[in-house]
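Colleague: Here's a sequence, model it:
(one chain, ligands or ions: 1)
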Amino acid sequence: MLNMIYKAIEKVNKIKRVLTGEGAKTKYTKYLQNIQHLPIEKLREIQALKLSYLLQYSFDNIEAYKSYKNQIDLSPETIFDEVKHITPLTKQDIINQSQSHINHELSTCIKRETGGTSSNSTVIYKGISEHLFNADNYFNLFNGITPGKSRIILRAFEMQKKYQLDEHPEVMYIPFKNSYYFVPYSLDEQKLQLLYNICITKKPKIIWGITRPVYDFARYIQDTNKTIPPFELCMTSGQTLLPHHRKVIEQVYQAPLINKYASTECWNVANQCLHREGLHYCSPVHYIEILDANLNHVAEGQRGEMYITILNSRYFPMIRYKTNDYAIYTEKPCSCGITYPVLQQIEGRNIESIRAPNLSVVSPVPIDKILFDYPNIKEFQVIQSVLTGYDLNLVIDGSLTKELQYEIKKRLIPLHGCDMNISINKTKTIQSEKSGKILHIKSTV
Ligand SMILES: [Zn+2]
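Modeller: So this is what the prediction gives:
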């Protein structure tokens, strides 16, 4: 019976999505808009209440959490301290113990496969209507993405035969979303030319995708001295947005660039608003903890790992999910007036960090800032397999002189705060991962 009801709800929602397009204003989106200016304390109270409900529900219904029942005080006043007693959920737990995390009484769900940038991909389970209670549409609307606005999307997707273009089967066009989908992996000359043709003839308003291919297309336009009609908005996600990406993207597309943090596991988590002072996240949807290696909260302005709780998850509750992504939070309110919390910066993945013997950790951002002071450096990748040093591979016009190597090393060492063996090499190209992303740092230490 429950099953049939869920299926009926899903069907109605599908029709609604077809009729209104992506960005449709659902009841939940309206709710998130209505409370977006509430005092910070009030939002915090709502979040505490939702966290208490989620934990209560999980202790009652989910095998993996039953042992916490009566061990944890669920009153909203103390819940942010109490939740620290719950062991974080890792990707490995999802792979190995998914059955004990599922509420089997809810017999239908959506399965989504993760991209697997830094490890093997895995299957994530979501309750069938849970997508109605996330912040995706809220963020779309707050960035001006309204239904039917034409867009180009450069990210991995599931190819649906009926939407493939006859003459270019690698591209999909979905009419009710007014969206062109491109697989971003290996954007060759032919695909770039096709993208360019679509920009000229269809004049899409939004370009949206994995940072790397969005940047690659901008570089292609720039390098071939072409011009395209301006976009209204570009959005990137999926990998750390480096300063040299932003510069080229904004110049070529003549539109503000919004960075967002989203994942298959946790949906669309945090977005920049047009003030771009950081990335907002919706506190009634996500509870984010930024923790050090000992699982203690880091101070404002300090880098820590993000652990995300999805407050509306029920089929497979995501409680303190270890993201392997790093961020810095700020308590400074954003000048746009929205009081949802702000992540000052997303620092990228654990695997995308250089470690040094003094335990310092460096993300790709400061390295990018140094390297792109040299106009003939086009791209970089760090490969680290030992703690005491790394290879820095550069795509560079002209020769890599001894003087340049010396100068770069002299500027990189202070980032680590201790001596490091840095070997700088010239390379023709840097291979992207299957997802279309390029890891600027690949570290296995
Ligand atoms: Zn803002």
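
Colleague: how many other residues sit next to Gly127?
Modeller: 21 (other C-beta atoms under 10 Å). Backbone N, C-alpha and C define where each C-beta goes, glycine included.

Colleague: Contacts only, for it.
Modeller: By C-beta atoms under 8 Å, 6 or more residues apart in numbering, Gly127 lies in contact with 106, 109-110, 313-316.

Colleague: again, only using 10 Å
Modeller: Gly127 is in contact with 6, 102-103, 106, 108-110, 133, 312-317, counting by C-beta atoms under 10 Å, 6 or more residues apart in numbering.

Colleague: before we move on, what about His440?
Modeller: With contact set as C-beta under 10 Å, 6+ apart, His440 has these partners: 212, 239-240, 242, 348, 352, 363-365, 367-368, 371, 379-382, 430.

Colleague: What residues does the stretch 151-300 of the chain have near the ion?
Modeller: Proximity of the stretch 151-300 of the chain to the ion (C-beta under 5 Å from the ion) is limited to residues 273, 275.

Colleague: Can you give me the separation between the residue of the stretch 151-300 of the chain found nearest the ion and Lys111?
Modeller: The ion sits closest to Cys273 of the stretch 151-300 of the chain, with a gap of 3.4 Å, by C-beta to the ion. For Cys273, the distance to Lys111 equals 32 Å [C-beta to C-beta, to the nearest Å].

Colleague: Neighbour count for those two, which is higher?
Modeller: Using other C-beta under 10 Å, the more surrounded residue of Cys273 and Lys111 is Cys273, with 20 against 8.

Colleague: Excluding covalently adjacent residues, which one is nearest to the more buried one?
Modeller: Excluding the flanking residues, the one nearest Cys273 by C-beta to C-beta, 6 or more residues apart in numbering is Cys336, at 4.8 Å.

Colleague: nearest to Phe59, of the contacts of Gly127?
Modeller: Pro317 (10.1 Å; C-beta to C-beta).

Colleague: Wasn't that closest one part of a strand?
Modeller: No: when classified by DSSP: H, G, I helix; E, B strand; the rest coil, Pro317 is found to be coil rather than part of a strand.

Colleague: In terms of helices and strands, where is the residue nearest to it when sequence neighbours are not counted?
Modeller: Of all residues not flanking Pro317 in the chain, Ser58 sits nearest, at 4.6 Å (C-beta to C-beta, 6+ apart). Ser58 belongs to helix 40-61 when elements are defined using DSSP states H and E.

Colleague: List the buried residues for the helix or strand just after that helix?
Modeller: Per DSSP H and E, the first helix or strand lying C-terminal to helix 40-61 is helix 79-82. Neighbour counts using 16 or more other C-beta atoms under 10 Å place 79, 82 of helix 79-82 among the buried residues.

Colleague: With stretch 325-333 instead?
Modeller: 325-329.

Colleague: So which of the contacts of His440 sit within strands?
Modeller: 348, 379-382 (DSSP state E).

Colleague: out of those, who has the most neighbours?
Modeller: Phe380 (25 neighbours).

Colleague: need the contact list for the residue of the stretch 51-200 of the chain found nearest the ion.
Modeller: Residue nearest to the ion within the stretch 51-200 of the chain: Phe142 (8.6 Å; C-beta to the ion). Counting by C-beta under 10 Å, 6+ apart, Phe142 touches 29, 32-33, 36, 135, 258, 271-274, 280, 336, 338, 340.

Colleague: one more time with 8 Å, if that's ok
Modeller: By C-beta under 8 Å, 6+ apart, the neighbours of Phe142 are 271, 273, 338.
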